[in-house]
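> Okay, here's the prediction I keep looking at, along with the sequence it came from:
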Amino acid sequence: MQTNWKERLHILAQLFSVFVRIGPSTFGGGYAMMPVIEREVVEKRKWIAEKDLADIVSLAGSAPGGVGVNAAAFIGYRKAGIPGAAMAVVGVTLPTFIIVIVLSLFYLKFQDNPKLEAALKGVHGAVVALIVMAAYRMAKAAIFDKATAVLAALAVLTLLVFPVTPLIIVAAGIVMGIILIRAKEKIGLKADTEKTSSSHSDQELMYPEYYI
Amino acid sequence: MIWDLFLTFFKIGFISFGGGYTVIPAIQNKVVSQDWMTIAEFQKAVSLAGMAPGPIATNAVTLIGYNTAGILGAIAACAGIVLPSLIVVIVLSSFFFPLQHNKTVKSIFYGLRPVITGLIAYAAIHFGGFDKPGEYSSMTVFALLICAGCIWLLVKYKWHPLTVIAAAGVAGIVCL
């Protein structure tokens, strides 16, 4: 019994330490984590098989929240149940949490500096640019026929005109997805649920949630 | 207050499909309506959040929590936005894998992905202030140029986001 308890603690500690180191590498998006996860989790510790990595990214992209946190949660859960998932998530979140607080203190100290304000305005522009890129990357995987294009356009227009919560948009998307595929099949049109590989690398297609 | 922070972001966490960008407008609306911050302050917070590694929404929420109620507020907000991820992944992992090739599930994603694209596009528009011309929070021409410049650097030269952010900061000091 005692060995079991010690082993469990050891695994939880390992999960924490692995993800504490992985967390800060998510600059530029959760996908930036994936090579690091591959190295630490798949190769070094063999917690997950190589082929499962794509599935993990799929699942991580399907759950709410960032790919990074979700992937950590899943790997932690697989390895050591709920405590494992919790440790992994705490590990992946803690470093950036601390960095954010430090950044905040730094800002509070210098916030009256007009240069800082100007710099922040510049960064604001950069962040908008990053969001645009994220939309673009998502669009590459998501929009490949008229129906998906219309759906995306409708979503944006609705959001611009009505103050709806994203939940409604998400629900509408889910429902429309099912309806559209059924309708297409009834009419006899080819109903691809995904973009079929063209000249794009498979990697890009597999990870539309790259931007996070 | 602490509980408010936790609960607010806990609820938002559940609808953050497609990642943090999709709920930035929702966070903005909540933050402004609760009088935790002004729009301008929110934009600064999110910009600051972009300078740290990790998901920008999580960072922004942590900042908002810290700004509103100190370190406890930061923890409450951060825990709030992150917990739904933990819960959903645990629940999903049991039956996601056998289901992911299921036709209905695939149809769901067929509809979900474009809609998420729309949400992210809207986030860019809303956060950039493009939908409210004339207000304090909308971008000046220079800021717009910086934004366009960043997009160009990201696309054409494939710069790392952190480098682009740093460059934008410098550009801000020089031009604004």
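Cool, got the structure.

> switch to C-alpha atoms for all contacts and neighbour counts from now on
OK.

> Output the contacting helices and strands for the strand or helix carrying residue A:186.
For residue A:186, the enclosing helix or strand under DSSP states H and E is helix A:166-187. Where contact means 3 or more C-alpha pairs under 8 Å, 6 or more residues apart in numbering or on different chains; DSSP states H and E, helix A:166-187 is packed against helix A:146-161, helix B:103-127.

> highest average neighbour count across those helices?
Mean neighbours per residue, mean count of other C-alpha atoms under 10 Å in any protein chain shown, is largest over the helices and strands packed on helix A:166-187 for helix B:103-127, with a mean of 25.

> which is the next helix or strand following that one?
Using DSSP H and E, the next helix or strand after helix B:103-127 towards the C-terminus is helix B:141-156.

> does any bit of the helix or strand that that following helix is followed by sit next to chain A?
Going down the chain from helix B:141-156, the next helix or strand is helix B:161-175, by DSSP H and E. Yes - applying C-alpha under 8 Å from any C-alpha of the partner chain, one finds that helix B:161-175 is in contact with chain A at B:161-162, B:164-166, B:168-173.

> Near whichever residue of chain A sits closest to chain B, how many other residues are there?
With C-alpha to the nearest C-alpha as the measure, residue A:177 is the residue of chain A nearest to chain B, at 3.5 Å. As a burial measure, the neighbour count of residue A:177 was computed by other C-alpha atoms under 10 Å in any protein chain shown and equals 28.

> List the buried residues for stretch A:172-189?
The neighbour-count check on stretch A:172-189 (16 or more other C-alpha atoms under 10 Å in any protein chain shown) flags A:172-174, A:176-181 as buried.

> Next, residue A:123: phi, psi?
The main-chain torsion angles of residue A:123 are listed as degrees, to the nearest 10 and equal phi -60, psi -40.

> which residues sit in contact with it?
Each residue near residue A:123 by C-alpha atoms under 8 Å, 6 or more residues apart in numbering or on different chains is listed here: B:47-48, B:50, B:165-166, B:168-169, B:172.

> can these go into JSON lines with extra columns for pLDDT?
Written out in JSON lines, the entries for the contacts of residue A:123 read as follows (pLDDT from 0 to 100):
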{"residue": "B:47", "pLDDT": "92"}
{"residue": "B:48", "pLDDT": "92"}
{"residue": "B:50", "pLDDT": "89"}
{"residue": "B:165", "pLDDT": "89"}
{"residue": "B:166", "pLDDT": "90"}
{"residue": "B:168", "pLDDT": "91"}
{"residue": "B:169", "pLDDT": "90"}
{"residue": "B:172", "pLDDT": "89"}
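
> which residue sits closest to the residue of chain B found nearest chain A, ignoring its sequence neighbours?
Chain B approaches chain A most closely through residue B:111 (3.5 Å), counting by C-alpha to the nearest C-alpha. Closest residue in space to residue B:111, ignoring its immediate chain neighbours: residue A:177 at 3.5 Å, by C-alpha to C-alpha, 6 or more residues apart in numbering or on different chains.

> What distance do you get for the one you found to residue B:160?
According to C-alpha to C-alpha, to the nearest Å, residue A:177 stands 34 Å off from residue B:160.

> Name the nearest of the contacts of residue A:123 relative to residue B:17.
Proximity to residue B:17 was ranked across the contacts of residue A:123 by C-alpha to C-alpha; first place goes to residue B:50, at 19.2 Å.

> burial of that closest one, as a residue count?
Per other C-alpha under 10 Å, the neighbour tally for residue B:50 reads 26.

> do the same with residue B:101
For residue B:101, the count of nearby residues is 10 (other C-alpha under 10 Å).

> what about it, which SS state?
The three-state assignment at residue B:101 reads coil, by DSSP: H, G, I helix; E, B strand; the rest coil.

> which of the contacts of residue A:123 sit farthest apart?
The largest separation in those, counting by C-alpha to C-alpha, is between B:50 and B:172 at 15.2 Å.

> phi, psi of residue B:38?
Dihedral angles of residue B:38 (phi, psi; degrees, to the nearest 10) stand at phi -90, psi 170.

> any bit of stretch A:7-20 sitting next to chain B?
No - on the criterion C-alpha under 8 Å from any C-alpha, stretch A:7-20 is out of touch with chain B, staying 11.6 Å away.

> any idea how far that stretch is from the chain center?
22 Å (C-alpha atoms, centre = their mean, to the nearest Å).

> buried set for it?
A:11-12, A:14-16, A:18-20.

> as a whole number, average confidence for that stretch?
Rounded to a whole number, the mean pLDDT of stretch A:7-20 is 90.
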